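>>> Sequence and predicted structure are below.
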Amino acid sequence: MSRNKKCMWQTFYVLATIFVLMLVLNMLMPLHRDDYDYSMIYMTNIHIENFGDVWNSVVHHYFVHGGRMVTVFCLVLFLWIGKTWFDIVNGLMFVALVALIYLHAIRKTELTGNPVMLALTGLLAWLSFPHFGEVAIWKSGSTVYLWSAVPVALFLLPYNISLTQKAPNFKEWMALPMFLLGVLAGWSVENLAVTVVCTAGGIACYLYRKKRLQAWMVSGFFGAFLGAVGLLAAPGNYVRYGIQEQDEGFLLHVGNQFAGNGEMILYIFPIILLLLTSWRIFSSILAVQQGVIMEKKPAGISMGQWLIMGMILILVISYFNGSFVAWKLRDAFYILALVPAGLTEPGIMEKINNIFSGFEEMAIYWLVVFLIYSVVKTKMGFDRYNRMILAQNVRPVDIWNRWPSVRYAGSMIALAIFNNLVMLAAPTFPARATFSSVGMIIIAAISVMHTPEIGDYFGKYARPALYAGAVGIGMFTMVSALVVMNTVYHEESLRTKIVQEAASDGAAVVSLEPIQITNRALRHVFFVDYDNAFSKKCLCNYYGIDDIQLKGK
């Protein structure tokens, strides 16, 4: 089998694996919260029964709630068509986004060139997108963030490639498709829409100065601009945010930036460590070329690494045996901290229980990440002495000037920061709103990892450690998500059936057992039980009942 054919099949296997995982998770994800609201004509209790109802709901939403008309249309349409079709398309959307992130990273349209790097793109997307279950699996969340990111990435790809080589030789008739795609890209989500318009316009201006401007670049920019106007100028935005109310103050918006960006950093920390290691590789390459000699010590397993592995083993045993470590720590925290401070109210204890219910998953994940980083750093000889040698002999500007991938990665990180700063105009900045920014940071990481020198260096010193770590983290998080989702699916299916039967019998109040499993597999599962007022309201409105009560709560 030729190398090209082998790469083609490997690429197919990578994308097929990603699709199957996402399809299964989507099939296990029940309708939840806003899904019920959008299954009815917006702000009514009338169930959607035909395409006319779909359109009426979208238009009503546009005028009374917000401008995300495109994403709401997709959500309402597929809720009407049926859950199975939604699950399939949502899985395909995630596959498409992973592929487009990879193409943006290599700045080419050769999808089959490096299956390993494509697989790494999928893994980083799985691990790094914030609140994954909420933005990539849950229907009301995925249509807003995942489904809007795909046309944006597709729209900006020819602009991106045009900066590195001769622009794609689109025919004149492509100006219209690019205009329409631009409208979809601009009519996405608020911060991303602004970023799209600025990026397309900035690239068009740059290429005009270089005398390489084409008609599709201009039409695409105007399409994105009109789409953003349709999004941001929607009457529903003014109703939703209540512009007539008193301003909450600019400092609150700044505080939101710290909260949103801070949580994003927690999710992308593996990427940060990957980029840090790559930077040291670039430094060592330049140092060797300058005749600097670094001391390479034998790469053995240190006491600290053995300790981390022991902690991971204990936590894994605990995780599959009732989470005894987490609950012992919770009890100690309660006795030593909460009781002396007088913080023993039921509401506080519920939040503490929620935190510790996911403690072991997060602890295992972070310990594995640090273990991989420690092993890779040791195998490459990046101890404290050698890091000091590199800092003394290699200037950051030399790395910046030497490798185009570093400059490109820097520009993508800067674009991600800009994309988040746009949220200064929003009253809130939840971590899920950093979805598109994280996508840009993944592009930066894959761009650097795709550099031949980086691949050769990792391959020479640390490939087995990286492969083992990637497989370990991937399998643990994926199996955990599948186990939790399977439990939620079966319990919620039974509870929904009880609600349906009670509603058919005319009952006003329904009593249900609470969901037994509370951990959320690193946020790859999104489910908020009916002791939450909004979750309860959505289901009650859909089935026409007054109240849902959870037994024991």
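Good, I have the coordinates.

>>> Need the residues that contact stretch 91-108.
Residues from elsewhere that reach stretch 91-108, judged by CB atoms under 8 Å, 6 or more residues apart in numbering: 15, 18-20, 22-23, 26, 109, 111, 113-114, 117-118, 121-122, 125, 136, 142, 146-147, 149-150, 153-154, 156-157, 160-161, 163-164, 408, 439, 442-447, 450. Glycine gets a C-beta too; all of them are placed from N, C-alpha and C.

>>> Those in helices, which ones?
Residues of these located in helices (DSSP state H): 15, 18-20, 22-23, 26, 117-118, 121-122, 125, 142, 146-147, 149-150, 153-154, 156-157, 160-161, 408, 439, 442-447.

>>> hmm, which of those are the buried ones?
Those of the ones in helices among the contacts of stretch 91-108 that meet the buried threshold are 15, 18-19, 22-23, 26, 117-118, 121-122, 125, 142, 146-147, 149-150, 153-154, 156-157, 160-161, 408, 439, 442-447, by 16 or more other CB atoms under 10 Å.

>>> And residue 214, how far from residue 178?
With distances taken as CB to CB, to the nearest Å, residue 214 is found 10 Å from residue 178.

>>> For residue 549, pull up the helix or strand it's in.
Using DSSP states H and E, residue 549 maps to strand 547-550.

>>> That strand: which residues count as buried?
The neighbour-count check on strand 547-550 (16+ other CB under 10 Å) flags residue 548 as buried.

>>> Paired strands for it, with orientation please.
With DSSP bridges as the test, strand 547-550 is paired with strand 509-512 (parallel).

>>> Please work out the average pLDDT along the partner strand.
Across strand 509-512, pLDDT averages out at 92.

>>> mind saving the C-alpha coords of it as CSV?
Output in CSV follows, covering the C-alpha atoms of strand 509-512 (Å, rounded to 0.1, in the frame of the first residue of the first chain):
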residue,chain,number,x,y,z
VAL,A,509,-47.5,17.3,40.5
VAL,A,510,-45.0,14.5,39.7
SER,A,511,-42.6,12.9,42.2
LEU,A,512,-39.3,11.6,40.8
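
>>> after it comes which helix or strand?
Reading on from strand 509-512 to the C-terminus, the next helix or strand found by DSSP H and E is helix 533-543.

>>> from the chain's centre, how far out does that following helix sit?
27 Å (CA atoms, centre = their mean, to the nearest Å).

>>> ok, residues contacting the strand holding residue 549?
By CB under 8 Å, 6+ apart, the list of residues contacting strand 547-550 reads 499, 508-514, 529-531, 536, 539-540.

>>> just to confirm, which helix or strand has residue 392 in it?
helix 384-393.

>>> and that helix, what other elements does it pack with?
Packed against helix 384-393, as judged by 3 or more CB pairs under 8 Å, 6 or more residues apart in numbering; DSSP states H and E, are the following elements: helix 269-289.

>>> Could I get the pLDDT score of the residue lying closest to residue 30 once chain neighbours are set aside?
What sits nearest to residue 30 in space, not counting adjacent residues and going by CB to CB, 6 or more residues apart in numbering, is residue 492, at 4.5 Å. On pLDDT, residue 492 comes in at 95.

>>> Residue 477 touches residue 127, doesn't it?
Yes: Residue 477 is within contact range of residue 127, at 6.9 Å (criterion: CB atoms under 8 Å).

>>> Residues in contact with both of those two, list them for me.
residue 522.

>>> So, low pLDDT: which residues of this protein?
Applying pLDDT under 70 to the chain picks out residues 1, 166-169, 240-253, 295-300, 347, 350-351, 354, 518-521, 553.

>>> rewinding a little: the residue nearest to residue 30 sits in which helix or strand?
Counting by DSSP H and E, residue 492 is found in helix 463-504.

>>> Now do that helix against helix 269-289, angle only.
Here helix 463-504 runs at 170 degrees with respect to helix 269-289, directions being taken by axes from the mean of the first three to the mean of the last three CA atoms, to 10 degrees.
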